[in-house]
Structure formats: structure tokens, C-alpha cells
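>>> With the sequence up front, the predicted model follows.
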Amino acid sequence: MNALRRGVKNAFRNAMRSVGVVLILGVAIALSISMLVARDAVTNKINAVRSTTGTTVTVSPAGFFGFSGGGTPLSETAVNKLLSLPNVTSVQESLSQDLTSNQTSLKTPTPTGFLGRHFGQGASFGLGGSRQSGGFTIPVRVIGTNTPGTAVTGGANGGGTEKLVAGSAFSSTSTADVAVIGQTMATKNNLVVGSTFTAWQHTVTVVGIYSSGSTFADSEVLMPLATVQKLASAANQLTGATITVNNIGNVTSVSTAVAKALGSNASVTNTVQSVQSELSPLNSVKTISTYTLVGAILGAAIILLLSMLMIVRERRREIGVLKAIGATNRSIVSQFAAESTTFTLLGSVVGLIFGVIIANPITSALVNATSSSSTTGFVRPGFGGGGFGGGGNGFPPGGNHPFGGGFGFHAHAFGSALSDLHASAGWSSLVLAFLAALLIAIVGSAVAASTITRISPAEVLRSE
Amino acid sequence: MLKVEKLNKSFRTPAGDVHAVKDVSFSTNSGQVVAIIGASGSGKSTLLSLVGLLDTPDSGSIDVNGAALASLSAAGRTAYRAKQVGFVFQSFNLVPNLTALENVMLALEFAQWPSAERETRAREMLSMVGLDEGKADRRPAKLSGGEQQRVAIARAFAAKPELILADEPTGALDRATGQKIVALLRDAAQSQGATVLVVTHDEKVAAQADRRLEIEDGVLTEIA
């Protein structure tokens, strides 16, 4: 029987103590494993969200507040210059206008609803709606864009699912009085490709119809940017721009450069910033799990260290006898290291079983606890789905409305980042757990070993 | 043959320096049983520690069959103890969770005997000390005091050492068993050709030895 076998046998020498040490170690290791798994799950989720994050910088007039207006329009000349900034690949420009029933023949398909009537009572709200004898009506939103191709595939409207279902898009430099309208708008006004409607007392021809599957996104009208600027007497004016950056690593620097170029009149946001704020609860969970992981490993190491010290102290005489009859320090240390490793391995098995079982509930609990405190200041009631003067059904999503579509998208991404989180023990976690267990065993044995080497065999005779 | 010359050892204690072993010199022959008699605190255990290389002397020399031991390194002393020194303690000091057989095999493992020969040799030694086969697989707690001391003697002689050091080997045994143990030590010393140094304060045990030495206040004298 060599030292290692003796060590393993010694681990079962005192059954009560062995069970106690293994259970305590098991709990600490279970906590370590669950933290490791939680950390992995959160890291994977953060990476997944980051990998799907767009590389865009969104610009809107400072103080611009969707239907409510506000702010000074952006200068098209200034925005055009952004294309010369390093790492900028394209600039999408848009000008949003809300047309009252006096300005267009189009009728909005969006019902006013109770809230719309309620908010429409006060003219001071400045919602841009029109007050008829029956009350308030929702304005028709017209978006002038220089990227109609992108607009109908998710650019200007931001929804990402718009597709042409009839006709074609106008060109990016078009100045014609043409429009691509949403399917809901077309149905409400009995319009088909080739039909006309009036806007700003001009006749506009429908050249295409798009569908996004969203009633509200399909209630808008897309027209050439130059046309809207001309008809709305808004030459050189923009209400939004979306700048595409060559890669995600340059988004922050481009965002800073854009803010500097446009000055205080522009509000500049980027996808990375938004995602970072959305991911902050996950980052908190990651930090908590990292600290807890380190704490649990240290705790396990201390438990084992103290147990081994107690055992060495208890067997001091036996160690002296072994030394007296010719055992080397190395042999005795190996024996105690084997004993310590046996405790750790048994604790790891117990810890692994419990760790895998509790990993998911702990991860969920951590995420829920962190996200519930973080979402309070993030989700603004009435913007994402409540309908700001809009019939109680929600604000249409739109890339030019940082407090409308932007919020809706981000809130969704935020929600899904947390709800889709699933903790599972991967091989990397198990290997790390094994290495942690090994570290615990080494730490547990090391101090005991140092005590062992100091025991003099002469003590045995002196104590006889 | 064991030859000790001018051995000295002092300890520093809160009460002052204690000169535990003073210029001790003696020699013994192989197969001889030598008893060292002394009262408690006379220095006999310290002398045994020095001769057994458990402790290092302040001065003096220890030679066994011509090999100088006092100047060995720590590793050298451990290796020498494993192969050439056997210990028998008053309270047996067997490893409690190992069987009698495994306890004897332990000494053979430390002496680096070939693995294949250890069990055979251990059983042979247990048989030599009169422990029947059925008790070889028992743990110390299942053996009587006399049986445990027999296992300890088997362990001490297992690796065929040149020197056996017995510290009060009968101290925890009744008189009859004690006499049997001393007789066993004597027989084993002769059959194995080892020198046995027995430290005791029991005159009757000492009377069974080939030679008797007395130690008092660290000074060793031969008793005629």
C-alpha cells in the first residue's frame, strides 16, 4: 500500500468528519459551479447580443420628441459632411412631417381612441393632429428619405420587416411627387399603384406599396427627401440621420466625432451605447457571479485547509512515528495530499450534482433581482406600447424617433436578453470547475504539508 | 557493531540550559541486547533519539559497522532509519487504520523493499513474533496490548536493520507479557543479528539483557 492509497484510505478514517467535510465542500463547490455556469450563460448572452448589435449612429435634433416636435431641424449640408468622417460608410437622411387633414387628402388608418381624444383636448400639446367638429384626429406621417431601397427593407421605418408588395421604390435622388405607402394606409384610402393623393396641395402619385406586418408601420408614407423638403418648405432640413460605421469597434469614436461636428443642436446616440445600458443588468450579474465564484472557491479552500490542519494536528504523533521508522517528508505529504484530494473529489461530485441542479434557478434569480431594479428607470410607460395620442395602440416604430421605435426595439432586445438566458454546464465550465477543485486541494494540502515537514520524529520519544 | 563516542546534547529551556547527554561513550556487538536504565528525566530517551538519528548531537560520533552517522544529512538520516534502524515504542504506535500486516509492510515500503516481497516478509515476521495468521488482518484496536507490541517488534525487525531501539517496550504491558516481549526481542536480535538497545526503568527487564548501562543526569556508566 503506497502513500496515495493510504491517503485515500485515511479520508474514510473518521466517517462523521469525512461526511461533514465532503458536504461542506460540496456546498461551496456547488455554489462555485452554479456561479461559473451563471457567469458563462451571462457572458454568452452578452456576446450574442453584442454580435447582433448594429453599427449605426443615430442623429436627431436635440429636444426632438416625435409627434410632439421640438428641437431645431438638422442641417442637411452639415449631415452630408459626415460622410467624410473616418470609418463612416453611409449616411441615411430623413425628414419627418406630420400632415393634418387640412394638408392632405389621406385619412389616417389609426383610430383616435380614448387616449387620443383625451390628449387631443389641449391644443398646447402640439401633437400636430387636427381638431374637427368631432374632435381630434391622428396626423398622417410622411417620411422623406434619400434611401428608399433601405427604407422599405427596414431603414427609415426601423422595423426591419418592410417589403414592397406592389410597384417599386423611387430613386435616392428623386425630386418627383411620388410616394411609397404602407399597406394599411393604402387600404384605408383605397389606393393602388398609380393612384394619387394630395399633400401640401400637390398631387402625389403612389409608385409602390410596402408591408411590414405592423399596422402602425404600414400607416406611413415614404417620399423622396428632396420632394418633402420642397413641399414642406423645409429646404436643407432633416429630422434624422442614420450613420453606418464600418465596424462595431469604431461606433463610439464615430459617435463622438458626429456629436462634435454637429454641435449641441444634435442629439447623437449609438447602438453600442444603447446595448451597453441594456446589458448593464447582465454585466452586474456577471460581476456578482465572478465575486461569488472567487469567494466560494476561497471558502472551499479555507474549509479544506482548516480541516487538513486539524487532521495533521490530530495525527501529529502518527506523523512523528512514520518519520521515525523512515518515511520521507515527501511520502507523508503525498499521503495527506491524497487524502485532501479525495475530500475534494468527493466534494466535487456532490457539488457538481447540486451545482448543475441549482445553476439555472440561481442564474434566473440573479438576473431577475438585478433587472427588476434596472428596468425602473428605463421603460417609459406610454412610449413603447401605450400610444402617445395615438389611439391606445402604440407609437409606430421608426428609426427617426429615438423615443418611439428606438425604445420599442431596445426594450424588446433588453427583455429578450434576459428572458432568453439559459444556464447550462458546458465542458469549459466543468474543466474550470475541475481546475478550481484542484486548486482547492493544492491549497488545502500545502499548508498541511508545511506543518508536516516541521514535525520532528524525536517528539514521539519525548512524548512517550 | 554500534560505537558511540563522547556524545553531547543540550537543550535550551525557560529554566536554563539542560545538558541531557554528557560525553556518553559505549559500544555494542551485533546480536547483543543492551539495557539502558535510568529514572525519568535522566536523559535515556534523548540518548535513544541521538542513536536512532531522530535528533542530532551537539558533538560526538555514532558509528554503526564503521559508518559514521552523526554527520549524515537529514535525507541521509531518514534513509538510514528506514533501512538500518528499527523502533519499538512503549505505546506501540501502530497506525490505527492499517491492519497488523499492513503496519509491518509499512516499514518495508519505507526501506524500499521490492513490492512483491513485502507481504511474504511481513507474514514471516508476524509468524516469528508468534502472532497467528488470523490476526494479521486485524487492525490494532482488535489486538491486545501484547499482540500490538508483537506487531511493533515485527515491524521493527522487518527490514533487517542493524540496530533496534526499544523505548520502554514493556511499559504498557503486564509483567508476564513484558517478560515475553523482552524474550522475543532477545531471540529476534540473535536470529536477525541486530543490536538491541532497550531503554527501561524496570530492573527486571534490564536483568534479561546481555549488558546493563545506567544513565543519570546524562552521564552513562556500565553496571557490572
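Nice, I can see it. Numbering: from 1, shown residues only, chains lettered A, B, ... in the order given.
>>> got the contact list for whichever residue of the stretch 351-464 of chain A sits closest to chain B?
Residue of the stretch 351-464 of chain A nearest chain B, by Cβ to the nearest Cβ: A:Ala458 (4.2 Å). Backbone N, C-alpha and C define where each C-beta goes, glycine included. A:Ala458 sits next to A:Gly320, B:Ser49, B:Leu54, B:Asp55 when contact means Cβ atoms under 8 Å, 6 or more residues apart in numbering or on different chains.
>>> cutoff 10 Å now
A:320, A:323-324, B:45-46, B:48-50, B:52-56 (Cβ atoms under 10 Å, 6 or more residues apart in numbering or on different chains).
>>> From these, list the buried ones, please.
A:Gly320, A:Lys323, A:Ala324, B:Ser45, B:Thr46, B:Leu48, B:Ser49, B:Leu50, B:Gly52, B:Leu53, B:Leu54, B:Asp55 (16 or more other Cβ atoms under 10 Å in any protein chain shown).
>>> Need the max-distance pair from those.
A:Lys323 and B:Thr46 (17.2 Å; Cβ to Cβ).
>>> What about A:Val192? Give its phi and psi, please.
For A:Val192, the backbone dihedrals are phi -130, psi 170 (criterion: degrees, to the nearest 10).
>>> ugh, wrong one, I meant A:Leu238
phi -140, psi 150.
>>> Which pLDDT value belongs to B:Asp116?
No, residue B:116 isn't Asp; it's Ala. Note on B:Ala116: pLDDT of 93.
>>> SS state for it?
Three-state assignment for B:Ala116 (DSSP: H, G, I helix; E, B strand; the rest coil): helix.
>>> burial of it, as a residue count?
B:Ala116 sits with 7 neighbouring residues when counted by other Cβ atoms under 10 Å in any protein chain shown.
>>> one step back: of the buried ones among the contacts of A:Ala458, which belong to helices?
Among the buried ones among the contacts of A:Ala458, the members found in helices (DSSP state H) are A:Gly320, A:Lys323, A:Ala324, B:Ser45, B:Thr46, B:Leu48, B:Ser49, B:Leu50.
>>> OK, now which residue of chain B is nearest to chain A?
B:Ala82 (2.4 Å).
>>> Now do the strand or helix carrying B:Ile181: which elements does it pack against?
Element membership of B:Ile181, judged by DSSP states H and E, is helix B:175-192. Secondary-structure packing of helix B:175-192 (3 or more Cβ pairs under 10 Å, 6 or more residues apart in numbering or on different chains; DSSP states H and E): strand B:33-37, strand B:85-88, helix B:115-128, helix B:145-158, strand B:163-167, strand B:195-200, helix B:203-207.
>>> buried stuff in that helix?
For helix B:175-192, using 16+ other Cβ under 10 Å, the buried residues are B:Thr177, B:Gly178, B:Lys180, B:Ile181, B:Val182, B:Leu184, B:Leu185, B:Arg186, B:Ala188, B:Ala189, B:Gln192.
>>> From B:Asp63, how far off is the residue nearest in space to the middle of chain B?
Centroid check for chain B by Cα atoms, centre = their mean gives B:Leu165 as the closest residue, at 1.7 Å. Distance, B:Leu165 to B:Asp63, using Cβ to Cβ, to the nearest Å: 16 Å.
>>> Could you tell me whether A:Ala235 really is in a strand?
No - under three-state DSSP, A:Ala235 sits outside any strand and is assigned coil.
>>> list the contacts for the nearest residue to it once chain neighbours are set aside?
Sequence neighbours aside, A:Gln229 is the residue nearest to A:Ala235 in space, at 5.3 Å (criterion: Cβ to Cβ, 6 or more residues apart in numbering or on different chains). Contact analysis of A:Gln229 by Cβ under 10 Å, 6+ apart lists A:Pro73, A:Glu76, A:Glu93, A:Leu95, A:Gln97, A:Gly144, A:Thr175, A:Met223, A:Ala235, A:Asn236, A:Gln237, A:Leu238.
>>> which one of those sits closest to B:Met128?
Taking those together and measuring to B:Met128 by Cβ to Cβ, the closest member is A:Glu93, at 104.3 Å.
>>> And the helix or strand hosting the closest one, what's buried?
Taking DSSP H and E as the definition, A:Glu93 sits inside strand A:88-99. For strand A:88-99, the neighbour count (16+ other Cβ under 10 Å) marks A:Val88, A:Val91, A:Gln92, A:Glu93, A:Ser94, A:Leu95, A:Ser96, A:Gln97, A:Asp98, A:Leu99 as buried.
>>> cool, stretch A:437-445 as well?
Here stretch A:437-445 shows A:Ala437, A:Ile440, A:Ala441, A:Ile442, A:Val443, A:Gly444, A:Ser445 as buried, counting by 16+ other Cβ under 10 Å.
>>> any bit of stretch B:127-138 sitting next to chain A?
No - Stretch B:127-138 does not reach chain A (Cβ under 10 Å from any Cβ of the partner chain); its nearest approach is 13.0 Å.
>>> Now do the buried residues in that stretch.
Residues B:Met128, B:Val129, B:Leu131, B:Lys135, B:Ala136 are the ones in stretch B:127-138 that count as buried (16+ other Cβ under 10 Å).
>>> returning to what we had before: just curious, which of the contacts of A:Gln229 is nearest to A:Arg17?
A:Glu93 (75.2 Å).
>>> ok, the closest one touching A:Pro148?
No - using Cβ atoms under 10 Å, A:Glu93 is not in contact with A:Pro148; the gap is 11.7 Å.
>>> thinking again about what came up before, what's the closest of the buried residues of strand A:88-99 to chain B?
Distances from chain B to the buried residues of strand A:88-99, taken by Cβ to the nearest Cβ, are shortest for A:Val88, at 72.7 Å.
>>> out of everything not next to it in sequence, what's closest to B:Gly146?
B:Thr177 (3.9 Å).
>>> again with A:Val272
A:Val251 (4.6 Å).
>>> For chain A, which residue gets nearest to chain B?
A:Gly326 (2.4 Å).
>>> what about that residue, how many neighbours?
So A:Gly326, with other Cβ under 10 Å, has 28 neighbours.
>>> Report the secondary structure state of it.
Assigned state for A:Gly326: coil (three-state reduction, three-state DSSP).
>>> residues touching it, list them.
A:457, B:77-87, B:106-112, B:159, B:161.
>>> So which of those residues sit within helices?
B:77-84, B:106-110.
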